[in-house]
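Undergrad: Structure of the sequence below:
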Amino acid sequence: ADRARIALGSARGFAIGADGRVYEFPLAAGSASAMAQPVDGVEHAESVATHGAFACVVTSERRVVCWGRGRPHEQIANIDTTPAPIDAFVNAQAVVVTSTAVCARDGAGAVTCLGRRLIDDRERTDSVFSFPLPRAAVQLAGATHAVCAVLDDGALHCMGGIGHYAFTGTGGPRAVRTPF
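TA: A predicted model of the protein is given here:
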C-alpha cells in the first residue's frame, strides 16, 4: 500500500506511532540499541517510505519530508540526516523512494518524480518530471529502479526497470520501459 505506516530498508526500519511521529529501529542482528528512537523534526506523519539509508514521509499537511544518506537525486543533495521538506511535491497523498528518485502521488492522482535514471522511452535526466499516466493513480509502489501506479480503472503502469526487467505475470521477464 502506498500509505504505509511501516517501511523497511536494508539495515533499518521506520514506523509511525500513534502520536504521528516517526520512529527508527535497527534491523541488523547485534545492533547496539534495539529500541526504536524518534526521528527528530518529523511530526504529523501519515505514511513512510524508505530505500537504503534514505527515507521520506507524507505529513498530515500533505508535504513530503525526507532525510538520510544515499541521496537519490542531486536536487535533494543538500538533505542529510536532518529532515527537510521537498517543495516539488504539492498536495502529496503518498510517496515512494527508489535508489535514484522520490515520487509522490497528489490528490488528483498525478505522479511527480524528483530523480534520475527512471527509464521510459529514453534515459531521464530531468530533475523534476511527471510519470505520464492516462488516468488518475490511486496507488503507488516503488522498487530499486522502478515506480508502478495502479490507476482508477485498475490498470497497472510502470516506469523504469528492476534490473531493466520485471515479471509481468506472463511467465517470464518483460522489459518495462513503457507502461504496459
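Undergrad: Helix or strand next in line after the one helix or strand Ala7 maps to, which one?
TA: In this structure, Ala7 sits in strand 6-8 according to DSSP states H and E. Note on strand 6-8: by DSSP H and E, the next helix or strand toward the C-terminus is strand 12-16.
Undergrad: How many residues are close by Pro85?
TA: Look at Pro85: counted by other CB atoms under 10 Å, it has 13 neighbours. In short, each C-beta sits where N, CA and C put it, glycine included.
Undergrad: if I read this right, it contacts Trp67, doesn't it?
TA: No. Under the contact definition of CB atoms under 8 Å, Pro85 does not touch Trp67, with a separation of 10.4 Å.
Undergrad: List the beta-bridge partners for the closest residue to His145 other than its chain neighbours.
TA: Leaving out its chain neighbours, the residue that sits closest to His145 by CB to CB, 6 or more residues apart in numbering is Gly160, at 4.9 Å. Under DSSP bridges, the beta-bridge partners of Gly160 are Ala146.
Undergrad: what's the pLDDT at Gly160?
TA: Per-residue pLDDT puts Gly160 at 74.
Undergrad: do the same with Gly52
TA: Predicted confidence (pLDDT) at Gly52: the value is 80.
Undergrad: Report the contact partners of it.
TA: By CB atoms under 8 Å, 6 or more residues apart in numbering, Gly52 lies in contact with 9-10, 68-70, 99.
Undergrad: Show the buried residues in the residues you listed.
TA: If you count burial by 16 or more other CB atoms under 10 Å, the buried members of the contacts of Gly52 come out as 9, 68, 99.
Undergrad: Look at the residue lying closest to the second one once chain neighbours are set aside and say how many residues are nearby.
TA: It refers to Gly68. The shortest distance from Gly68 to any non-neighbouring residue, by CB to CB, 6+ apart, is to Phe54 (3.9 Å). Residues contacting Phe54 under the criterion other CB under 10 Å number 22.
Undergrad: same deal with Ile6?
TA: By the criterion of other CB under 10 Å, Ile6 has 13 neighbours.
Undergrad: Next, the angle strand 12-16 makes with the helix or strand where Cys66 lies.
TA: Using DSSP H and E, Cys66 falls within strand 64-68. Using axes from the mean of the first three to the mean of the last three CA atoms, to 10 degrees, the inter-axis angle of strand 64-68 relative to strand 12-16 is 150 degrees.
Undergrad: strands paired with strand 64-68, and their directions?
TA: For strand 64-68, the paired strands and their directions (DSSP bridges) read strand 54-59 (antiparallel), strand 84-85 (antiparallel).
Undergrad: what lines up beside whatever helix or strand comes next after the last one in the sheet?
TA: Using DSSP H and E, the helix or strand that follows strand 84-85 towards the C-terminus is strand 92-97. Looking at strand 92-97 with DSSP bridges, its paired strands and their directions are strand 101-106 (antiparallel).
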